[in-house]
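J.: got a predicted structure plus its sequence, pasted below:
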Amino acid sequence: MSITKEQKRELIEQFRTSEADTGSPEVQIAILTTRIKALTEHLKVHRKDFASRRGMLMMVSRRRKLLDYLKRTAPDRYFAIIQRLQLRK
């Protein structure tokens with residue numbers, strides 16, 4: 001259900017804005033999106049796992065807050081991350 005250290009390291013390298021960046025909103029959104037996708041697949045099989053469902057909903061809420069912050073402060077970065085992660089259809 002969770003992502004490995006290697007997956008997380010790859011996400012950080014793909015979405016970082018500078019050389020020492022590990023916590024920018026883009027990186028956090030990418031990591032949360034990967035975790036949400038993994039939990040979605042888990043919940044398709046285990047429909048009654050309500051604890052994991054609650055955790056996923058909290059992650060979706062956290063990602064939504066980060067996206068709202070990014071849209072408010074840097075709209076160009078917001079639209080870039082939306083396009084790269086294909087969050088809006």
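T.: On my side now, so go ahead.
J.: so what's residue 17 up against?
T.: Residue 17 sits next to 24, 26 when contact means C-beta atoms under 8 Å, 6 or more residues apart in numbering. No exception for glycine: its C-beta is placed from N, CA and C like everyone else's.
J.: can you give me the helices for the chain?
T.: If DSSP state H is used as the criterion, the helices of the chain fall at 5-15, 25-45, 50-73, 75-85.
J.: as JSON lines, these with mean neighbour count and mean pLDDT would be great.
T.: JSON lines is the format used below for these (neighbours: other C-beta atoms under 10 Å; pLDDT from 0 to 100):
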{"stretch": "helix 5-15", "mean neighbour count": "14", "mean pLDDT": "94"}
{"stretch": "helix 25-45", "mean neighbour count": "17", "mean pLDDT": "96"}
{"stretch": "helix 50-73", "mean neighbour count": "14", "mean pLDDT": "97"}
{"stretch": "helix 75-85", "mean neighbour count": "15", "mean pLDDT": "95"}
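J.: tell me the residue furthest from the middle of this protein?
T.: residue 48 (23.6 Å; C-alpha atoms, centre = their mean).
J.: phi and psi next, for that residue.
T.: Residue 48 has phi and psi values of phi -100, psi 10 when expressed as degrees, to the nearest 10.
J.: local confidence estimate at it?
T.: We have a pLDDT of 96 for residue 48.
J.: was I right to think residue 31 contacts residue 10?
T.: No. Applying C-beta atoms under 8 Å, one finds residue 31 not in contact with residue 10, separated by 10.5 Å.
J.: pull the CA atoms of stretch 27-36 into PDB?
T.: Coordinates of the C-alpha atoms in stretch 27-36 are reproduced here as PDB (Å, rounded to 0.1, in the frame of the first residue of the first chain):
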ATOM      1  CA  VAL A  27       7.100  17.200  -4.500                       C
ATOM      2  CA  GLN A  28       4.500  16.800  -1.700                       C
ATOM      3  CA  ILE A  29       1.600  16.700  -4.200                       C
ATOM      4  CA  ALA A  30       3.500  14.100  -6.300                       C
ATOM      5  CA  ILE A  31       4.100  11.900  -3.300                       C
ATOM      6  CA  LEU A  32       0.600  12.100  -2.100                       C
ATOM      7  CA  THR A  33      -0.800  11.400  -5.500                       C
ATOM      8  CA  THR A  34       1.300   8.200  -5.700                       C
ATOM      9  CA  ARG A  35       0.100   7.100  -2.300                       C
ATOM     10  CA  ILE A  36      -3.500   7.900  -3.100                       C
END
